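Engineer: pasting a predicted model and its sequence here:
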Amino acid sequence: MPEKHSKEKFKNVPSPYLQKEIEEELRENLEKFKDPVVLATIAYKLLEERENTNRILKNVLTRLDRLEAGKEPSVPPQSAILPEIDQKIVGFIERTGKTTARDVQKEFGYKGSNAASSRLNRLVKQGILKKTQAGRNVFFLLR
């Protein structure tokens, strides 16, 4: 057992030859860092990366502000490519202001409210409707 532990303990330690090679490379790299041109180049590259990062962050923050202000929809509406029945449902909600699955069931002749609810929930996922609950009733409104 002790042999196994000692092998595991030293399995990531490089051989003496490799260790000397690594040490030489490190010394060479440390010498390069004494050169002001190398240091200036590194500083310049870091500055470029920081500017790129700041630009990306600025875009993300601007977009986040728009989302929070409600100026930019979180999911683009897809009303132009809706099936005919969904377009009729959206038109019905435009006329009534809000609806429930039971209202849609009665208006469009669905046998059960599950089918109507499924259609309405799909429109919510597409970002066309929003869902709100008041007691036991679930209302669907246009975004």
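Structural biologist: The structure has been received and is ready for your questions.
Engineer: could you list the domains of this protein?
Structural biologist: Following automatic domain parsing, the chain resolves into domains at 1-72, 79-142.
Engineer: average model confidence for the shortest one?
Structural biologist: It stands for domain 79-142. For domain 79-142, mean pLDDT is 89.
Engineer: the helix or strand hosting V37: how far from the chain's middle?
Structural biologist: If you go by DSSP states H and E, V37 is part of helix 36-69. The chain centre lies 20 Å from the centre of helix 36-69; the measure is C-alpha atoms, centre = their mean, to the nearest Å.
Engineer: coming back round to it: can you lay out the domains of the chain as TSV showing mean neighbour count?
Structural biologist: (Glycine included, C-beta is placed from N, CA and C.) Shown next, in TSV, are the domains of the chain (neighbours: other C-beta atoms under 10 Å):
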stretch	mean neighbour count
domain 1-72	10
domain 79-142	15
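Engineer: rewinding a little: what's the helix or strand following the helix holding V37 packed up against?
Structural biologist: Next in sequence after helix 36-69, counting helices and strands by DSSP H and E, comes helix 84-96. Judged by 3 or more C-beta pairs under 8 Å, 6 or more residues apart in numbering; DSSP states H and E, helix 84-96 is in contact with helix 101-108, helix 113-125, strand 137-142.
Engineer: between those, which gets nearest to P16?
Structural biologist: helix 113-125 (63.3 Å; C-beta to C-beta).
Engineer: ok, E94 to S113 distance?
Structural biologist: Distance, E94 to S113, using C-beta to C-beta, to the nearest Å: 21 Å.
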